[in-house]
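>>> 3D model of this:
(one chain, ligands or ions: 1)
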Amino acid sequence: MHGPPAWPLRLLVAANRKERGAAVGFLAMSSVITMSAPFFLGRIIDVIYTNPTVDYSYTLTRLCLALSGVFLCGAAANTVRVYLMQTSGQRIVNRLRASLFSSLLRQEVAFFDKTRTGELINRLSSDTALLGRSITENLSDGLRAGAQASIGIGMMFYVSPQLATFVLSVVPPISVLAVIYGRYLQKLTKVMQDSLAQTTQLAEESIGNIRTVRAFGKEITEIEKYTSKVDHVMQLARKEAFARAGFFGATGLSGNLIVLSVLYKGGLLMGSAHMTVGELSSFLMYAFWVGLSIGGLSSFYSELMKGLGAGGRLWELLERKPELPFDEGVVLNQESFQGTLEFRNVHFTYPARPEVPIFQDFSLCIPSASVTALVGPSGSGKSTVLSLLLRLYDPVSGTISLDGHDIRQLNPVWLRSKIGTVSQEPVLFSCSIAENIAYGADDPSSVTAEQIEKVADVANAGAFIRNFPQGFNTVVGEKGVLLSGGQKQRIAIARALLKNPKILLLDEATSALDAENEYLVQEALDRLMEGRTVLIIAHRLSTIKNANTVAVLDQGKITERGRHEELLSKPNGIYRRLMNKQS
Ligand SMILES: Nc1ncnc2c1ncn2[C@@H]1O[C@H](COP(=O)(O)OP(=O)(O)OP(=O)(O)O)[C@@H](O)[C@H]1O
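Here you go, the predicted structure:
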């Protein structure tokens, strides 16, 4: 098991104190009442047996009525206990989910390069529920079984110490069996939850990419892959079922054997007049309850082991410290913030692929309030430059600075709040267009409809949005599938306009838009770029020609830098070759 074993208990302690106290109180009450029943029932039997007292029917009625009242209280206490445990259980699951989600979203981007979405979703939905159930409802049932077993055993000794000693010599072997079974279950659950996580991963990927799956006609392949994953889960479930069946068979058998041995030994004791029939009946009922409670305890134990099996992975994720800081560091004041960016002797490899160097001695200055166009062959690392500026990754060595401050010293949340991005394939959320645009603001709820319409107009998006029947309330579908590429881009530009950042990172679309769309997007981009520090991954000649500087990225470093015409005039320049190839 990972992490300190006491942590599920910590979670439990975190649940509402009053509720917990009340639940334990009601638990004690219902257990005591349930366990007093056999004693009084034994008394009643003795009353029935020794019938010829004067007040026979009066005593019997009174005893039965009193006992019914007590049972009623017991039932009420039990009802409240179950209710409280169920609600506090859900609260713990919710809290667990919220903390896990919050821990996940703070992780560095490299973590998501290595971990798959479906797996994380499974941890969030299935593992949390399993663990939550195991430490609440199950714990409550377990406590009850424990309380009843101890009271029962105590009462057995009270009623007949001789018989009790005889019976209890049978219990230890069953406990050993339970421990072995629990260990096995804990291991199995870990494998099972991992396997379930893989299944969710596969489903998430196929459903999320249904267009690609359909275009390649791979539905059947995907279905087969999914089925085989599900089959694997089934195999594991079968193993668990087998162990469970054996275990429960064994405990059931030993329960019956205990009852039989009580009857046998008790019969002998009664024959030698050491016990009354009422006492033997009470004892039998206690033995029966103890048997049931021990059964309950073993299922509690096995459920707990399952919870701990699922909990180990959750714990790893909950406790994981992001490798890059999330919201700490220096914040530059408004006056000293200019927006000059500089890479100096940067070496970089992706953490997921440390053996492949992307940048070696990469240096580049991006002056404030000017446009720098970045060009270079495909795969040369242009998008990586943008990722490093957003501090999605840290360089292996060298520095990246903003106005002379190493960005590793700056607060990443502040840094990103000053940077706007529009990528080739802008990602929209499956909400309304207005909400998608407002996403750019620090506080989306304070953005007015007028502000949204204004930026949409500046981004040349207002007209087409108003043409939709639902206007700005049109829902764009998952990742914006209900919009065209050019429309998505203009919405992304409006979003960036609303953010109004000093620094702008743009990735120009390579895919050709039609002339009309192209013009509208270009005009919107030009308006967006005005007065900001811009780094643009440029593909279009017009963008390159208009840039204040063109930087050529090749083989992990900037090889040439200057205006378009200057670079073109170099006879053997890489830029010249690149441009020739393009045209
Ligand atoms: N998250 C990642 N983990 C590991 N390697 C990556 C990652 N992202 C990109 N790479 C690798 O880094 C190199 C540079 O990729 P990058 O996307 O920066 O190139 P690019 O110049 O923007 O390419 P293009 O013009 O085709 O978009 C590529 O070889 C790519 O395989």
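>>> for the stretch 451-583 of the chain, which residue gets nearest to the ligand?
residue 537 (6.5 Å; C-beta to the nearest ligand atom). Just so you know, the C-beta spots here come from the backbone N, C-alpha and C atoms, and that holds for glycine as well.
>>> tell me the domain boundaries of the protein?
Following the TED database, one finds the domains of the chain at 7-160+289-324, 341-582.
>>> the strands in this structure, which residues?
341-349, 357-366, 371-375, 397-402, 405-406, 419-422, 503-507, 533-537, 549-554, 557-562 (DSSP state E).
>>> give me the distance between the two termini of stretch 462-478.
Length of stretch 462-478, first residue to last, C-alpha to C-alpha, to the nearest Å: 21 Å.
>>> pLDDT of it, averaged?
The average pLDDT within stretch 462-478 is 89.
>>> quick revisit: in CSV: the domains of the chain, plus mean neighbour count.
Shown next, in CSV, are the domains of the chain (neighbours: other C-beta atoms under 10 Å):
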stretch, mean neighbour count
domain 7-160+289-324, 18
domain 341-582, 18
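>>> among those, which gets the worst mean confidence?
domain 7-160+289-324 (a mean of 82).
>>> quick check, it touching the ligand?
Yes - Domain 7-160+289-324 comes into contact with the ligand (C-beta under 6 Å from any ligand atom), by way of residue 113.
>>> residue numbers of the stretch 251-400 of the chain in contact with the ligand?
So the stretch 251-400 of the chain meets the ligand at 350, 352-353, 358, 376, 378-384 (C-beta under 6 Å from any ligand atom).
>>> turn those residues into a markdown table, columns for distance to residue 453.
What follows is those, written out as a markdown table (distance: C-beta to C-beta, whole Å):
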| residue | distance to residue 453 |
| --- | --- |
| 350 | 41 |
| 352 | 42 |
| 353 | 45 |
| 358 | 42 |
| 376 | 38 |
| 378 | 38 |
| 379 | 40 |
| 380 | 40 |
| 381 | 39 |
| 382 | 34 |
| 383 | 32 |
| 384 | 36 |
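>>> possible to save the domains of the chain as CSV with distance to residue 243?
Below are the domains of the chain laid out as CSV (distance: least, C-beta to C-beta, whole Å):
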stretch, distance to residue 243
domain 7-160+289-324, 9
domain 341-582, 38
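>>> tell me the contacts of the residue lying closest to residue 531 once chain neighbours are set aside?
Distances taken as C-beta to C-beta, 6 or more residues apart in numbering put residue 369 closest to residue 531, at 6.1 Å, once the chain neighbours are dropped. Taking C-beta atoms under 8 Å, 6 or more residues apart in numbering, we find residue 369 in contact with 339, 531-533.
>>> any idea how far residue 137 is from the closest residue to residue 237 other than its chain neighbours?
Distances taken as C-beta to C-beta, 6+ apart place residue 192 nearest to residue 237, at 7.1 Å, with adjacent residues excluded. Noted for residue 192: a distance of 20 Å to residue 137, by C-beta to C-beta, to the nearest Å.
>>> again with residue 152
22 Å.
>>> max-length helix in this protein?
helix 219-271 (DSSP state H).
>>> so which elements touch that one?
Applying 3 or more C-beta pairs under 8 Å, 6 or more residues apart in numbering; DSSP states H and E, one finds that helix 219-271 contacts helix 161-168, helix 171-208, helix 277-319.
>>> at 10 Å what do you get?
Applying 3 or more C-beta pairs under 10 Å, 6 or more residues apart in numbering; DSSP states H and E, we find helix 219-271 packed against helix 161-168, helix 171-208, helix 210-215, helix 277-319.
>>> of the ones you listed, give the one that comes closest to residue 22.
Ranking the helices and strands packed on helix 219-271 by proximity to residue 22 (C-beta to C-beta) places helix 277-319 first, at 20.8 Å.
>>> spit out the contact partners of residue 363.
Residues in contact with residue 363 (C-beta atoms under 10 Å, 6 or more residues apart in numbering) are 342-346, 398, 557-558, 561.
>>> before we move on, the earlier item: just flag the most distant two among the residues of the stretch 251-400 of the chain next to the ligand.
Every pair of those checked by C-beta to C-beta; the farthest is 352 and 376, at 21.7 Å.
>>> OK, contacts around residue 46?
Per C-beta under 10 Å, 6+ apart, neighbours of residue 46: 276-279, 281-282.
>>> and of those residues, the nearest to the ligand?
residue 282 (71.1 Å).
>>> out of the contacts of residue 363, what pair is the most spread apart?
Largest separation among the contacts of residue 363 by C-beta to C-beta: 398 and 561, giving 17.3 Å.
>>> identify the residue nearest the residue in the stretch 1-150 of the chain positioned nearest to the ligand in space, chain neighbours excluded?
Taking C-beta to the nearest ligand atom, the ligand has its nearest neighbour within the stretch 1-150 of the chain at residue 113, 4.6 Å off. Ranked by C-beta to C-beta, 6+ apart and with sequence neighbours excluded, the top spatial neighbour of residue 113 is residue 352, at 4.4 Å.
>>> doesn't residue 110 make contact with that neighbour?
Yes - contact criterion C-beta atoms under 10 Å: residue 352 and residue 110 qualify, at 6.4 Å.
>>> got any residues that touch both of the two?
Taking C-beta under 10 Å, 6+ apart as the contact rule, residue 352 and residue 110 both touch residue 393.
>>> run through who's touching stretch 202-216.
Counting by C-beta under 10 Å, 6+ apart, 116-122, 218-219, 221-223, 225-226, 228-230, 478-479, 481 sit against stretch 202-216.
>>> again with stretch 181-188
By C-beta under 10 Å, 6+ apart, stretch 181-188 touches 1, 192, 236-237, 239-240, 243-244, 246-248, 250-251, 298, 300-312.
>>> list the buried residues for that stretch?
If you call a residue buried by 16 or more other C-beta atoms under 10 Å, then stretch 181-188 has these buried ones: 181-182, 184-186, 188.
>>> so among these, where is pLDDT lowest?
Lowest pLDDT among the buried residues of stretch 181-188: residue 182, with 74.
>>> just give the closest residue to that one, not the sequence neighbours.
With sequence-adjacent residues excluded and distances taken as C-beta to C-beta, 6+ apart, residue 182 is closest to residue 305, at 4.2 Å.
>>> report the central residue of the protein.
In the chain, the centroid-proximal residue (C-alpha atoms, centre = their mean) is residue 124; its distance is 2.9 Å.
>>> that one against residue 102, yeah?
No - using C-beta under 10 Å as the test, residue 124 is too far from residue 102 to be in contact (11.1 Å).
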